[in-house]
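In: below are the sequence and a predicted model; questions follow.
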Amino acid sequence: LENVSYAYEDGGTDVLADFSYDFTPGSCTAILGETGAGKTTLVRMILALIHPRKGRAVVYNNDGEAHELSALTRCNFVYVPQGNTLLSGTIRENLKLGRLSATDGEMHEALHKACADFVFDLPDGLGTFCSEDGGGLSEGQAQRIAIARALLREGSIMLLDEATSSLDPETEQRLLRNLLESSGKTIIFVTHRLAVVDYCDRVLKM
Ligand code: GTP
Ligand code: MG
């Protein structure tokens with residue numbers, strides 16, 4: 001991001017003002033900041049759901065060529081949004097939204113990485129039904145299934161927007177360690193929790 005500014009309304013206050021940051025490949029960056037600081041706005045800009053009013057937002061390919069962020073670059077990102085995003089259906093069906101062709105074995109692996117081993121102890125396992133907004137599961141359980149779903153998806157950059165906010169600190173740290181070990185992916189991790197910072201390469205305070 002090069003000197004980007006963004007206001008939601010014409011003439012409104014800038015949420016991001018002359019903001020620059022380079023997320024380097026393979027790094028894990030924690031984004032901290034109080035509520036309303038603009039963390040989700042930044043995530044939306046990276047996903048090209050909103051566009052800078054000033055400045056430039058780009059992603060580099062392997063040859064170092066910059067491409068303006070757009071709907072076309074979005075396929076490189078795996079996004080776990082803030083709040084619950086499970087759909088009504090079984091856990092298996094929800095995970096298949098990450099990768100339609102995923103086998104039960106691949107789903108098990110993703111669930112394990114996402115610290116969601118509790119699924120294996122449910123009487124119906126992957127066939128367990130959850131209602132829209134994850135009803136039937138605790139918030140922290142639903143979050144971990146959402147992360148497992150993201151792990152099944154292709155894309156070299158993971159964006160997690162308070163995706164672990166309902167987990168206890170120990171589970172959150174274990175999950176983050178699994179994410180870092182697993183992939184070689186670039187990780188952008190929005191969090192309110194300072195403890196997590198120890199596991200990240202870089203900290204961006206907004
Ligand atoms: P938390 O998720 O609560 O920790 O906050 P955040 O850091 O993610 O803040 P966010 O980026 O969501 O919001 C930054 C500012 O932009 C706040 O003042 C919001 O009120 C404002 N904002 C966020 N979304 C919208 C929107 O869709 N429309 C308008 N007009 N303002 C918005
Ligand atoms: Mg937010």
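Out: Cool, the structure landed. Since this is a predicted model, take the numbers as computed values, not measurements. Numbers count the residues shown, from 1 in each chain. Ligands and ions are numbered 1, 2, ... in the order given.

In: list the contacts of the spatially closest residue to A163 that is not a sequence neighbour.
Out: Distances taken as C-beta to C-beta, 6 or more residues apart in numbering place V80 nearest to A163, at 4.0 Å, with adjacent residues excluded. Any C-beta I mention is one placed from the backbone N, CA and C, and that applies to glycine too. The contact partners of V80, by C-beta atoms under 8 Å, 6 or more residues apart in numbering, come to 146-147, 150, 158-161, 163.

In: run through the bridge partners of V80.
Out: V80 has these beta-bridge partners by DSSP bridges: L160.

In: quick check: it vs L47, distance?
Out: Distance, V80 to L47, by C-beta to C-beta, to the nearest Å: 12 Å.

In: give me the common contacts of these two.
Out: Shared contacts of V80 and L47, defined by C-beta under 8 Å, 6+ apart, comprise L159.

In: on that earlier part again, just the contacts of V80 that are near ligand 2?
Out: Checked against ligand 2 using C-beta under 5 Å from the ion, these yield no neighbours at all.

In: tell me how far the spatially most central residue of the chain lies from A66.
Out: What sits nearest the mean C-alpha location of the chain, by C-alpha atoms, centre = their mean, is L160, with 2.2 Å. Note on L160: its distance to A66, by C-beta to C-beta, is 24 Å.

In: residues contacting the nearest residue to K96 once chain neighbours are set aside?
Out: Closest residue in space to K96, ignoring its immediate chain neighbours: A102 at 5.9 Å, by C-beta to C-beta, 6+ apart. Applying C-beta under 8 Å, 6+ apart, we find A102 in contact with 95-96, 110, 152.

In: ligand 1 contacts on the chain?
Out: For the chain, the residues in contact with ligand 1 (C-beta under 6 Å from any ligand atom) are 8-9, 15, 33, 35-41, 82.

In: can you give me the helices in this protein?
Out: 39-46, 91-96, 104-113, 118-121, 139-152, 169-182 (DSSP state H).

In: ranking those by mean pLDDT, which is last?
Out: Among the helices of the chain, helix 169-182 carries the lowest mean pLDDT, a mean of 87.

In: and that one, what's buried?
Out: Burial within helix 169-182, assessed by neighbour count using 16 or more other C-beta atoms under 10 Å, is assigned to 171-173, 175-176, 178-180.

In: closest to ligand 2 out of those residues?
Out: Proximity of these to ligand 2 (C-beta to the ion) peaks at E172, which lies at 16.9 Å.

In: any weak-confidence spans in this protein?
Out: For the chain, the stretches flagged by pLDDT under 70 are 133-134, 182-183.

In: quick one on the thing from earlier: which one of the residues of the chain next to ligand 1 has the most neighbours?
Out: K39 (23 neighbours; other C-beta atoms under 10 Å).

In: excluding sequence neighbours, find me the nearest residue to that residue.
Out: Per C-beta to C-beta, 6+ apart, closest to K39 is V190, 4.8 Å.

In: show me what that neighbour is bridged to.
Out: With DSSP bridges as the rule, V190 is bridged to I31, D161.

In: just T186 next, same as before
Out: In this entry, T186 is beta-bridged to I157, by DSSP bridges.
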